[in-house]
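# generate a structure from the sequence data that follows.
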Amino acid sequence: MRTAFINQLTIDAKKNKKIFLLVADLGFSVIENFAKLYPDRYLNVGIAEQNMAGIAAGLAKEGFCVYIYSIGNFPTLRCMEQIRYDICYHDLNVNIVAVGGGYSYASLGPSHHATEELGMLRTIPNLIVCAPGDPFEAKELTSLSSKINKPFYIRLGRAGEKKIHTNPINDLELGDNLCLINSKTKNAIFSTGGMLTDSFEFASKFNISLYSFPFIKPLNKWELLVLFKLYEKIIIIEEHQISAGFGSAILENLNDLVEDHNIDKNDIPKIKRVAIKDEFYSLAGSQKYLKNIAGLNFNDANNFFNLD
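Predicted coordinates for the structure are as follows:
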């Protein structure tokens, strides 16, 4: 995903002379082409992510469309105060890009397990929160972020993610979900971010409808309403703590739709959430290993969907 991001940003920067990239002493072998083409709009601030966020806010006040880029928790959890006060309170055109969401850097241990930031960031006003599921989604979200002129967060995987969509995505709008499999059954999977590949493999095998949600905030509640009425059983899966993340956002929208009498209580689908339990895993290993330890799989899906 990181390659899809930087390639699209490099293309957009040719047209948009206000795009400015800040990195925190990483991205080598990825960002060189951007730095070479636009040296006046690129700065390596060193391992100083909070300072990077403050610099980004200042550049945005001067009219730039700024991107800050670092690993997992470092441009997010480490910078929460700067994101809230410097960037979002002033509704500035700063795009926060974290490479290595979820357990992508699990081999480096708990300091690199980026599994809480979606919930933390989606509570901050003015901030759009995204988690692309494949390189095509990452490419489209990058392009969209340069046009929105608002605080924007993009959670990327690490590298080498499969392309799940068969074609590039065009005209993505805020809050959209993307249907990858329409099985015509009453079962569906809602997936976001790094769980899309696993979800696609399972849904394809058992003929289950699959929807990718590149946006955590905002969500289009009217699109959700259609899906809630269409399906009887839904699994929501995310590479994130079960508290406050994607699944929580879906259920909040469902609750609002019920309260506003847009959906009858008898029509509410049965929902199962698959997410990380409310605990730390003091382990290092591959992303696949940590996902299995955390229960991010479809082991209980057969019973839930009554599959043969």
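
# skipping adjacent residues, who's closest to the most centrally placed residue in the chain in space?
Geometric centre of the chain, nearest residue: A131, 1.1 Å, by C-alpha atoms, centre = their mean. Leaving aside its sequence neighbours, A131 sits nearest to G193 (C-beta to C-beta, 6 or more residues apart in numbering; 3.3 Å). Placement of C-beta: from N, CA and C, glycine included.

# wait, the one you found touches P132, no?
Yes - if you go by C-beta atoms under 8 Å, G193 and P132 touch, sitting 7.0 Å apart.

# what touches both of the two?
R155 (C-beta atoms under 8 Å, 6 or more residues apart in numbering).

# where do the helices of the stretch 1-150 of the chain begin and end?
In the stretch 1-150 of the chain, the segments counted as helices under DSSP state H, counting those that start in this stretch are 2-15, 32-37, 49-61, 80-81, 117-121, 135-148.

# mind checking the pLDDT average for the second one?
Pointing back at helix 32-37 there. Helix 32-37 carries an average pLDDT of 96.

# list the pairing partners of the biggest strand by length in the chain within its sheet, with orientation.
The single longest strand within the chain, with elements called by DSSP state E, is strand 233-241. According to DSSP bridges, strand 233-241 forms sheet pairs with strand 187-191 (parallel), strand 270-276 (parallel).

# tell me which of those lies nearest to N73.
strand 270-276 (14.4 Å; C-beta to C-beta).

# now the closest one, how far from the chain's geometric center?
Offset of strand 270-276 from its chain centre (C-alpha atoms, centre = their mean, to the nearest Å): 18 Å.

# what residues of that strand count as buried?
271-276 (16 or more other C-beta atoms under 10 Å).

# kindly indicate which of the residues you listed lies nearest R2.
Proximity of those to R2 (C-beta to C-beta) peaks at I276, which lies at 22.6 Å.

# partners of the closest one in the sheet?
Q241.

# picking that back up, quick one, what contacts the residue nearest to A131?
G193 makes contacts with 101-102, 131-133, 155, 157, 238-240, 246, as judged by C-beta under 8 Å, 6+ apart.

# let's see that with 7 Å instead.
101-102, 131-133, 155, 238-239 (C-beta atoms under 7 Å, 6 or more residues apart in numbering).

# picking that back up, let's have the helices of the stretch 1-150 of the chain in a markdown table, adding mean neighbour count and distance to N73.
Formatted as a markdown table, those follow (neighbours: other C-beta atoms under 10 Å; distance: least, C-beta to C-beta, whole Å):
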| stretch | mean neighbour count | distance to N73 |
| --- | --- | --- |
| helix 2-15 | 19 | 16 |
| helix 32-37 | 14 | 23 |
| helix 49-61 | 21 | 9 |
| helix 80-81 | 13 | 10 |
| helix 117-121 | 24 | 7 |
| helix 135-148 | 22 | 19 |
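
# mind putting those helices into TSV with distance to V23?
Shown next, in TSV, are the helices of the stretch 1-150 of the chain (distance: least, C-beta to C-beta, whole Å):
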stretch	distance to V23
helix 2-15	10
helix 32-37	9
helix 49-61	8
helix 80-81	20
helix 117-121	18
helix 135-148	15
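
# right, and the ones you listed - which one's nearest N220?
helix 135-148 (14.4 Å).

# please list the outside residues in contact with the closest one.
Against helix 135-148 from outside (C-beta under 7 Å, 6+ apart): 1, 4-5, 8-9, 12, 16, 19, 65, 95, 128, 130, 132, 152, 154, 156, 161, 163, 165, 168-169, 172, 212, 214.
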